[in-house]
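give me coordinates for this.
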Amino acid sequence: MLLLLLAGALGVHDDDGEPLPPPSSRARHAALLLADLLGLADLLGDTPAGDEAADKQVTACLTAAFAEIERAQLND
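From the prediction side, this is the model:
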């Protein structure tokens, strides 16, 4: 879902014929992603404010997602 949201936001989502998750699911995950990226995860009760492990996890997920987007673009 992270890759789908990022690719869509960047305008590089490649429609490969796979059905997309329902809009309600994408919206829910997008809201959680934005809250996490804005450092609001602690307001949702997910992680304590300033949690370095959570920050590293988000960074790792985003790095992997951007690498996958790059790989997909290079293979097109």
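
any idea how far L4 is from P19?
Using CB to CB, to the nearest Å, one gets 12 Å for the distance from P19 to L4. Just so you know, the C-beta spots here come from the backbone N, C-alpha and C atoms, and that holds for glycine as well.

between the two, which has more neighbouring residues?
Using other CB atoms under 10 Å, the more surrounded residue of P19 and L4 is L4, with 16 against 5.

could you check the pLDDT of that one?
For L4, the pLDDT comes out at 83.

same deal with P22?
90.

would you indicate which residues of the helix or strand G8 falls within are buried?
Take DSSP states H and E as the rule and G8 turns out to sit in helix 2-10. Within helix 2-10, the residues that count as buried by 16 or more other CB atoms under 10 Å are 4-7.

what packs against whichever strand or helix holds T59?
Assigned by DSSP H and E, T59 belongs to helix 52-74. Applying 3 or more CB pairs under 8 Å, 6 or more residues apart in numbering; DSSP states H and E, one finds that helix 52-74 contacts helix 2-10, helix 23-37.
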